[in-house]
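Undergrad: okay, structure incoming, though there's no sequence with it:
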């Protein structure tokens, strides 16, 4: 059984695949470079999984808050507008409840960080959009099953 | 005192470079377009042309350069102070 993070990531990828700007150029845990033909693109990562337990005590049921990072990459002219358009589409797609293991999960928007780089033959930019899950309960010995 | 003359520099460019067009002027340059990574994960290239400073006395950002069949605009001008200038280029 996959970890709940994997199921959440898959639900996010499904939700952001097919958006007008980035279409099917959606990756997870991408470590190899995105070429010109690969952009604009999204990279989806689950970057943190923290247990919200009182004082860090061990419990039978773990309330997990999972952070999901959606990185948007684009290049060319009007980069700020392009990235903002992608962000608008990503936030719209993730602003409705996702279905994970048959349960509705509504991610909470946290932040967006944008940066630009002019070193290449065209300006390249990145927007990192971060969302947090609500507490997702799993048994401490079964992190793949949502309760 | 400079160790080399403009004529020396021209002979270097003719030996190791090729002709490019800056605006409407054809001149000799050493082109480069090396691979770079930016923002950790985005692949790109960094096109540039090394020219004689004397050949581009009024060069300015935004002017057009055609190098190896591709049209660019000048993004940055980096004179080295010894008679050569590197033009950092951007695809138009």
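TA: Thanks, I have it. On a predicted model such as this, the values are computed, not experimentally measured, just so you know.
Undergrad: against residue A:87, how distant is the residue of chain B found nearest chain A?
TA: Ranked by CB to the nearest CB, the top residue of chain B for proximity to chain A is residue B:44, at 2.7 Å. To be clear about C-beta, it is placed using only N, CA and C from the backbone, and glycine gets the same treatment. Here the criterion is CB to CB, to the nearest Å. By it, residue B:44 lies 22 Å from residue A:87.
Undergrad: neighbour count winner among those two?
TA: More crowded of residue B:44 and residue A:87, by other CB atoms under 10 Å in any protein chain shown: residue B:44, with 25 against 18.
Undergrad: now the more buried one: closest residue in space, sequence neighbours ignored.
TA: residue A:120 (2.7 Å; CB to CB, 6 or more residues apart in numbering or on different chains).
Undergrad: which residues does that neighbour contact?
TA: A:75, B:36, B:38, B:42, B:44, B:45, B:46 (CB atoms under 8 Å, 6 or more residues apart in numbering or on different chains).
Undergrad: which SS class is the residue in chain A positioned nearest to chain B?
TA: Chain B sits closest to residue A:120 of chain A, with a gap of 2.7 Å, by CB to the nearest CB. With DSSP: H, G, I helix; E, B strand; the rest coil as the basis, residue A:120 sits in coil.
Undergrad: returning to that earlier point: read off the pLDDT value for the residue nearest to residue B:44.
TA: Note for residue A:120: predicted pLDDT of 91.
Undergrad: contact residues of chain A facing chain B?
TA: When proximity is defined as CB under 8 Å from any CB of the partner chain, chain A approaches chain B at A:30-36, A:39, A:43, A:73, A:75, A:115, A:117-126.
Undergrad: please redo it, this time with the cut-off set to 10 Å
TA: Chain A has residues A:27, A:30-39, A:41, A:43, A:71, A:73-77, A:115-126 near chain B, with proximity defined as CB under 10 Å from any CB of the partner chain.
Undergrad: with adjacent residues omitted, what lies nearest to residue B:77?
TA: residue B:59 (5.7 Å).
Undergrad: now do the contacts for the one you found.
TA: B:22, B:23, B:25, B:51, B:53, B:65, B:74, B:77, B:79, B:85, B:87 (CB atoms under 10 Å, 6 or more residues apart in numbering or on different chains).
Undergrad: residues of the lengthiest helix in chain A that come out buried?
TA: Longest helix in chain A, counting residues (DSSP state H): helix A:79-94. For helix A:79-94, the neighbour count (16 or more other CB atoms under 10 Å in any protein chain shown) marks A:79, A:82, A:83, A:85, A:86, A:87, A:89, A:90, A:91, A:93, A:94 as buried.
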